[in-house]
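> Dropping the sequence and predicted coords here.
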Amino acid sequence: MKYIFFTIFTISMFLYSTAQSSNSDELRYKADGIYMTFQDDSGKTVNKVPLGKSPNITFDSFFKSYYLNWKDENGQLGEMELSYIMTDENGYFKMQDTFGNIFHVANYMQSHGKLLVVAEQKVNGYFLVTQVEGIKRL
């Protein structure tokens, strides 16, 4: 009987530790809101449009990838997946979304509770910045 208990206990602990180690590369965050901002060349925000409430952020530290999802004003799920390309000379991540668009990501989640995702290509003379605010680690 002790042998069976010990075997079950050992298998359970192994499965638990395996499950924990597979998720240890993922850091999860919750935020207050996600916005699209339009910024001029000097960095001044000329317009700020809310995209959604209560966004979730998952950062995979192994692959250096971000997954963001949120609910928009119609209750529809919005999402963004960013895959790591390289770290630039300023220490920001250069990343690519699932559509091939290139972004520069500034992670201020620990220091200022913000994540900035800046599109490499300007649109109508403005930088498009996806800004996540009020970030807290779960």
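Cool, got the structure.

> make it CA atoms for all contacts and neighbour counts henceforth
Will do.

> Output the below-cut-off pLDDT ranges for the protein.
1-23 (pLDDT under 70).

> so what does the longest strand seen in it touch, helix or strand wise?
Counting by DSSP state E, the longest strand found in the chain is strand 45-60. Strand 45-60 sits against strand 26-30, strand 33-39, strand 65-71, with contacts defined as 3 or more Cα pairs under 8 Å, 6 or more residues apart in numbering; DSSP states H and E.

> The last one: what's the following helix or strand?
When you say that, I think you mean strand 65-71. strand 77-87 (DSSP states H and E).

> Of the helices and strands packed on strand 45-60, which stretch is the most buried?
strand 33-39 (a mean of 21; mean count of other Cα atoms under 10 Å).

> in its sheet, what does the longest strand of the chain sit against?
strand 26-30 (antiparallel), strand 33-39 (antiparallel), strand 65-71 (antiparallel) (DSSP bridges).

> Which one, of those, ends up nearest to residue 137?
Across these, residue 137 has its closest neighbour in strand 26-30 (4.3 Å, Cα to Cα).

> contact partners of the closest one?
54-61, 135-138 (Cα atoms under 8 Å, 6 or more residues apart in numbering).
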